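**Student:** got a predicted model here, sequence first, then my questions.
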Protein chains: 2
Amino acid sequence: MEKNLLLISNSTNRGEEYLGWCKEMIKEFCDRHNIKDVLFIPYAGISMGYDIYETKVKAVFSKLGLNLYSIHKEKDPIQAVRDAKCVAVGGGNTFHLVYELYRNKVMTAISERANSGMPYMGWSAGSNIAGPSLKTTNDMPIIEPESFNCMNIVPFQINPHYTDFFDPKHGGETRDERLGEFLKVEPTMWVAGIREATALLLENGKLTLIGRDNKMKVFRGTMEAKEFSLNDDINFLIS
Amino acid sequence: MEKNLLLISNSTNRGEEYLGWCKEMIKEFCDRHNIKDVLFIPYAGISMGYDIYETKVKAVFSKLGLNLYSIHKEKDPIQAVRDAKCVAVGGGNTFHLVYELYRNKVMTAISERANSGMPYMGWSAGSNIAGPSLKTTNDMPIIEPESFNCMNIVPFQINPHYTDFFDPKHGGETRDERLGEFLKVEPTMWVAGIREATALLLENGKLTLIGRDNKMKVFRGTMEAKEFSLNDDINFLIS
């Protein structure tokens, strides 16, 4: 069955409201798939805690006419995933997210449902884990997950919050240098660097970059990185 | 036996030569301990490769009158560590470093030698791994190591390249927010954020911040972060 995925780079643009830039996109995605109820995965939300995170996201989804309920209040998380009409995975710390997905034994369950056509959406860490592994996250490894392997519902790596910016006064690596290190270890893997205010949409077997006019940068091995705009054909990433 | 550790934040300040700012510090550390031969660990150097990395560091150490030889050319890496007079661990990618230390079964061997007084120096990733784990690295998790546990030759976590700077146009986390996530998971662990052009020196049972006048920032749990200058007493970190 065709997959239905909405993989959002970031929840919030500086100075704008939470999920503000992408709420219409979320609403349209749910409407197209007749979704009213959304199972929320708050596991990346280590800094605010799951209750507060749920409340924050629920407030946005309610205004869109969507009923959001969080997995951390479910007695049987695996069954909750099996019964879900749609899963939304929020951003935060990717390592904590992956740690909790394994601890609660739902990594495979969500992956299986998404592979079978259940609409899946994620933002930031929630988009990152749609790829084969967490290896292109920008997050700090604050906790050791059972494995770096993730859902593999898209066959390429995602780098959310992709940016070319670097502080010229600072000696740290640029994002491209960091991704270059990954490409040395896995030279045949595609990496999609999605900039802020953009998302990847996979529907009807077609992958598109949506959102604001902010090009995606794609990397592979020692190939020169290529940029792609909103209407460009990027289906090579899933072929 | 007393430990002898030189834990350097960064190899290079922008616009200065490689190891330029800290070469005198390295020379003095080796002289105080009558070191002429240094076993180099290049495992963090994924982007340039071990041969080039060795050549690059050897050039600097030669000028200081020190003979540097790399573990990647040793037939028996564990024996090389046992025989070493001093170990220097270079910067690069911390995950690749830790992956290789485990793969070559030298993580414990180096830790044991350093705990028994063998002079140990590291920069960037090489300083990070002196703590209990890699959990406060800034690096991308490009490869999955056997464990996040590291050498634990100091009882606190190190965040090298510590900076307060963040890009106001970008939606990613600040360094303090990232460390705050770690402190949620491990609220009783001290974290030393060492800024560029500084290092931690442990000799005669005394820990000091050395280098240029660039304060260290120390974090623990929900405690307000505190800054420490070059001559401040920071021995609470090892007590």
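**Tutor:** Now that the structure is in, tell me what you want to look at. If you're wondering where the values come from, they're calculated on a predicted model, not measured in any experiment.
**Student:** what are the ranges of the strands in chain A?
**Tutor:** Secondary structure of chain A (DSSP state E): strands at A:5-8, A:37-41, A:67-70, A:87-89, A:120-123, A:157-162, A:191-195, A:198-203, A:206-211, A:216-219, A:226-228.
**Student:** okay, the ones you listed in CSV with mean pLDDT, mean neighbour count and distance to chain B next?
**Tutor:** Bear in mind the C-beta positions are built from the backbone N, C-alpha and C, glycine included. Listed next are the strands of chain A as CSV, based on pLDDT from 0 to 100; neighbours: other CB atoms under 10 Å in any protein chain shown; distance: least, CB to the nearest CB, whole Å:
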stretch, mean pLDDT, mean neighbour count, distance to chain B
strand A:5-8, 98, 26, 12
strand A:37-41, 98, 23, 17
strand A:67-70, 98, 18, 18
strand A:87-89, 98, 26, 17
strand A:120-123, 98, 27, 11
strand A:157-162, 96, 26, 5
strand A:191-195, 97, 24, 10
strand A:198-203, 98, 22, 12
strand A:206-211, 98, 18, 13
strand A:216-219, 98, 22, 12
strand A:226-228, 98, 13, 18
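**Student:** save the ones you listed as TSV, and put in distance to B:Asn115 too.
**Tutor:** Listed next are the strands of chain A as TSV, based on distance: least, CB to CB, whole Å:
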stretch	distance to B:Asn115
strand A:5-8	46
strand A:37-41	42
strand A:67-70	45
strand A:87-89	42
strand A:120-123	43
strand A:157-162	38
strand A:191-195	40
strand A:198-203	48
strand A:206-211	52
strand A:216-219	41
strand A:226-228	49
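**Student:** where does chain A have low pLDDT?
**Tutor:** Chain A contains residues with pLDDT under 70 at A:167-172.
**Student:** and the gap between the nearest residue to A:His72 once chain neighbours are set aside and A:Asn104?
**Tutor:** Distances taken as CB to CB, 6 or more residues apart in numbering or on different chains put A:Tyr50 closest to A:His72, at 4.3 Å, once the chain neighbours are dropped. Going from A:Tyr50 to A:Asn104 by CB to CB, to the nearest Å gives 12 Å.
**Student:** and if you look at A:Val185?
**Tutor:** 29 Å.
**Student:** sorry, back to before: now the common contact residues for A:Tyr50 and A:Asn104.
**Tutor:** A:Tyr43 (CB atoms under 8 Å, 6 or more residues apart in numbering or on different chains).
**Student:** got a list of what A:Asn93 touches?
**Tutor:** Per CB under 8 Å, 6+ apart, neighbours of A:Asn93: A:44, A:46-47, A:125, A:139-140, A:142-143, B:181.
**Student:** mind listing which of those are in helices?
**Tutor:** Using DSSP state H, the members of the contacts of A:Asn93 that fall in helices are A:125, B:181.
**Student:** of the contacts of A:Asn93, closest to A:Asp176?
**Tutor:** A:Asp176 has its nearest neighbour among the contacts of A:Asn93 in A:Asp139, at 17.8 Å by CB to CB.
**Student:** so the closest one sits against A:Val98, correct?
**Tutor:** No - under the criterion of CB atoms under 8 Å, A:Asp139 is not in contact with A:Val98, lying 9.9 Å apart.
**Student:** more neighbours, these two?
**Tutor:** A:Val98 (29 against 26; other CB atoms under 10 Å in any protein chain shown).
**Student:** mind checking how far that one is from A:Thr12?
**Tutor:** 22 Å.
**Student:** A:Ala192 too?
**Tutor:** A:Ala192 sits 20 Å away from A:Thr12, going by CB to CB.
**Student:** so who does the residue nearest to A:His72 touch?
**Tutor:** Contact partners of A:Tyr50, counting by CB under 8 Å, 6+ apart, are A:42-43, A:70, A:72.
**Student:** does stretch A:135-144 come close to chain B?
**Tutor:** Yes - Stretch A:135-144 is in contact with chain B by CB under 8 Å from any CB of the partner chain, via A:135-144.
**Student:** mind checking how far that stretch is from the chain centre?
**Tutor:** Relative to its parent chain, stretch A:135-144 has a centroid offset of 14 Å by CA atoms, centre = their mean, to the nearest Å.
**Student:** I'd like the contacts of A:Asn93 laid out as CSV, including distance to B:Asn204.
**Tutor:** What follows is the contacts of A:Asn93, written out as CSV (distance: CB to CB, whole Å):
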residue, distance to B:Asn204
A:Ala44, 44
A:Ile46, 39
A:Ser47, 40
A:Ala125, 45
A:Asp139, 38
A:Met140, 33
A:Ile142, 33
A:Ile143, 35
B:Glu181, 35
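**Student:** work out which residue lies at the spatial centre of chain A.
**Tutor:** The centroid of chain A falls nearest to A:Ser127 when counting by CA atoms, centre = their mean (0.8 Å).
**Student:** need the contact list for that residue.
**Tutor:** For A:Ser127, the contacting residues are A:7-9, A:158, A:160, A:194, A:199-200, by CB under 8 Å, 6+ apart.
**Student:** so what's it closest to, chain neighbours aside?
**Tutor:** A:Ser127 sits nearest to A:Leu7 (CB to CB, 6+ apart), 3.9 Å away.
**Student:** in terms of distance to B:Ile35, which of the contacts of A:Tyr50 ranks first?
**Tutor:** A:Tyr43 (47.5 Å).
**Student:** surely the closest one meets A:Val106?
**Tutor:** No - counting by CB under 8 Å, A:Tyr43 sits too far from A:Val106 to count as a contact (9.0 Å).
**Student:** neighbour count winner among these two?
**Tutor:** Each of A:Tyr43 and A:Val106 has its neighbours counted (other CB under 10 Å); A:Tyr43 has more, 29 against 24.
**Student:** list the residues that contact the more buried one.
**Tutor:** A:Tyr43 makes contacts with A:50, A:71-72, A:89, A:92, A:96-97, A:99-101, A:104, as judged by CB under 8 Å, 6+ apart.
**Student:** could you measure from A:Val98 over to B:Val60?
**Tutor:** Distance of A:Val98 to B:Val60, given as CB to CB: 39 Å.
**Student:** ugh, wrong one, I meant A:Glu17
**Tutor:** 51 Å.
**Student:** kindly report the same for A:Glu54.
**Tutor:** Distance from A:Glu54 to B:Val60, counting by CB to CB: 53 Å.
**Student:** and the two? Which one has more around it.
**Tutor:** Between A:Glu54 and B:Val60, counting by other CB under 10 Å, A:Glu54 is the more crowded of the two (21 against 18).
**Student:** my read is that that one contacts A:Ser62, right?
**Tutor:** No - using CB under 8 Å, A:Glu54 makes no contact with A:Ser62, being 11.7 Å away.
**Student:** shared neighbours, the two?
**Tutor:** Residues within reach of A:Glu54 and of A:Ser62 at once, by CB under 8 Å, 6+ apart, are A:Leu68.
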